[in-house]
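1. How does the following fold in three dimensions:
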Amino acid sequence: MYDQQAFEQLKSFFETNPVSREAAAPLSSKVEIGVTINEHTQCVFFKDASGAPKFEKRAPVDPDVIFFLTPEAVESLINGPHHSIGELGISITKNYLAGSVKIKVVGSILNLLTRGYLGILKAGGMEYTKFLATHGITNLSKIKSLIQKLRS
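-> Reported below is the predicted structural model:
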């Protein structure tokens, strides 16, 4: 029962939250991001033909990235005060650092560079850039190293 409720809450968050919609804007129409809820429920985030963000309960076909969310991470995402892409990025990163979000990069680095992911980092602005810098992510080579770590 929890997974269905979490799916419905995340669907609403990703499809209707203005910050989520804004964060998805730079992503290519080819992007599929996998989201696994509570180790059981596979979902996918993508943009439809009109460019609107969509969240469906199904396995992704060709994801670049897969996020694994615990119940705590779901609660944090849907209840957090996300007034900007920077705040949303900080929330996801804090959950990652706390271990309630795991991230696996399964796509190529080329896909990550050309499908709009860097546009999301840029849209996070100085707020998110400063937060990343406090955790040692200070330039593109550090981002590349992090991606390589998340691939293993």
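
2. residues near Ile120, how many?
-> 18 (other Cβ atoms under 10 Å). Every residue, glycine included, has its C-beta placed from N, CA and C.

3. Sort out which residues of the helix or strand of the chain at the bottom of the mean pLDDT ranking are buried, please.
-> Lowest by mean pLDDT, DSSP states H and E among the helices and strands of the chain is helix 140-151, with a mean of 80. Applying a neighbour-count criterion of 16 or more other Cβ atoms under 10 Å, one finds Ile143, Leu146, Ile147 buried in helix 140-151.

4. what do you get for stretch 64-74?
-> Asp64, Val65, Ile66, Phe67, Phe68, Leu69, Thr70, Ala73, Val74.

5. Skipping its backbone neighbours, what lies nearest the third one in space?
-> Read it as Ile66. Gly34 (3.6 Å; Cβ to Cβ, 6 or more residues apart in numbering).

6. Mind pulling up the pLDDT for the one you found?
-> Confidence at Gly34, expressed as pLDDT, is 98.

7. For Gly51, see how far away it is.
-> The spacing between Gly34 and Gly51, counted by Cβ to Cβ, to the nearest Å, is 20 Å.

8. ok, the residue nearest to Ile66 - contacts?
-> Gln42, Cys43, Val44, Ala59, Pro60, Pro63, Val65, Ile66, Phe67, Val106 (Cβ atoms under 8 Å, 6 or more residues apart in numbering).

9. State the distance from Tyr117 to Asn17.
-> Counting by Cβ to Cβ - Tyr117 and Asn17 are separated by 19 Å.

10. can you confirm Asp35 is in a strand?
-> Actually, residue 35 is Val. It isn't Asp. Yes: under DSSP: H, G, I helix; E, B strand; the rest coil, Val35 falls within a strand.

11. How about the contacts made by it?
-> Neighbours of Val35 in contact, by Cβ under 8 Å, 6+ apart: Leu10, Gln42, Cys43, Val44, Phe45, Phe55, Ile66, Phe67, Leu69.

12. Out of those residues, list just those in strands.
-> Among those, the members found in strands (DSSP state E) are Gln42, Cys43, Val44, Phe45, Phe55, Ile66, Phe67, Leu69.

13. Tabulate the residues you listed (JSON lines), appending distance to Ser91 and pLDDT.
-> Converted to JSON lines, these look like this (distance: Cβ to Cβ, whole Å; pLDDT from 0 to 100):
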{"residue": "Gln42", "distance to Ser91": "22", "pLDDT": "97"}
{"residue": "Cys43", "distance to Ser91": "18", "pLDDT": "97"}
{"residue": "Val44", "distance to Ser91": "21", "pLDDT": "98"}
{"residue": "Phe45", "distance to Ser91": "16", "pLDDT": "97"}
{"residue": "Phe55", "distance to Ser91": "17", "pLDDT": "97"}
{"residue": "Ile66", "distance to Ser91": "18", "pLDDT": "97"}
{"residue": "Phe67", "distance to Ser91": "13", "pLDDT": "97"}
{"residue": "Leu69", "distance to Ser91": "12", "pLDDT": "96"}
